[in-house]
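[1] Turn this into a model:
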Amino acid sequence: MEIQSENYHIDYDPQTMVINFRGSFRLNGMKDYGPIIEFLNKVAAEEPPLIILDLQKLEFLNSSGISMLSRFIINVRKKQKSNMVVKGSKKIDWQNKSLKNLQRLMPSLVLELNEL
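    Numbering: from 1, shown residues only. Down below sits the predicted model:
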């Protein structure tokens, strides 16, 4: 499964259970994030034992995008079927500042901030 646009790309590999995010998300509000939310909810509906969000190549995510990720994590937490790992980069400012807050939404979430 994948979604691709001029500015971003998302793909999911069910074998590795990794959702890769690349590019910049500057969409206007939750309505514009609808196809991405639908994509993420399809992954959650499969109830894999682990979901890995790899954000290391996601250069920018606006506040609506952070809300979208937060809602997805809450959805996964409520299902209680999948563990979650979020991979980020210490070198991308918004990730270094914002990703830690996702652990508050799902205390069992494993956050890996790498030097990439």
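[2] what's near enough to touch K81?
    Taking Cβ atoms under 8 Å, 6 or more residues apart in numbering as the criterion, K81 is in contact with 47, 49. For every residue, glycine as well, the C-beta is placed using N, CA and C.
[3] State the distance from it to F25.
    26 Å (Cβ to Cβ, to the nearest Å).
[4] And the lengthiest helix in the chain, what does it pack against?
    The residue-count maximum for a helix in the chain (DSSP state H) belongs to helix 63-79. Applying 3 or more Cβ pairs under 8 Å, 6 or more residues apart in numbering; DSSP states H and E, one finds that helix 63-79 makes contact with helix 29-32, helix 34-45, strand 50-61, helix 102-105.
[5] repeat that with 10 Å
    On a contact count with 3 or more Cβ pairs under 10 Å, 6 or more residues apart in numbering; DSSP states H and E, helix 63-79 meets strand 18-25, helix 29-32, helix 34-45, strand 50-61, strand 83-89, helix 93-98, helix 102-105.
[6] CSV please, covering these and showing distance to M1.
    Formatted as CSV, those follow (distance: least, Cβ to Cβ, whole Å):
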stretch, distance to M1
strand 18-25, 9
helix 29-32, 19
helix 34-45, 7
strand 50-61, 13
strand 83-89, 18
helix 93-98, 23
helix 102-105, 22
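[7] Reformat the ones you listed as JSON lines; add mean neighbour count.
    Formatted as JSON lines, the helices and strands packed on helix 63-79 follow (neighbours: other Cβ atoms under 10 Å):
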{"stretch": "strand 18-25", "mean neighbour count": "18"}
{"stretch": "helix 29-32", "mean neighbour count": "12"}
{"stretch": "helix 34-45", "mean neighbour count": "15"}
{"stretch": "strand 50-61", "mean neighbour count": "20"}
{"stretch": "strand 83-89", "mean neighbour count": "20"}
{"stretch": "helix 93-98", "mean neighbour count": "15"}
{"stretch": "helix 102-105", "mean neighbour count": "15"}
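[8] which sections of the chain are below the confidence cut-off?
    Within the chain, the stretches with pLDDT under 70 are 116.
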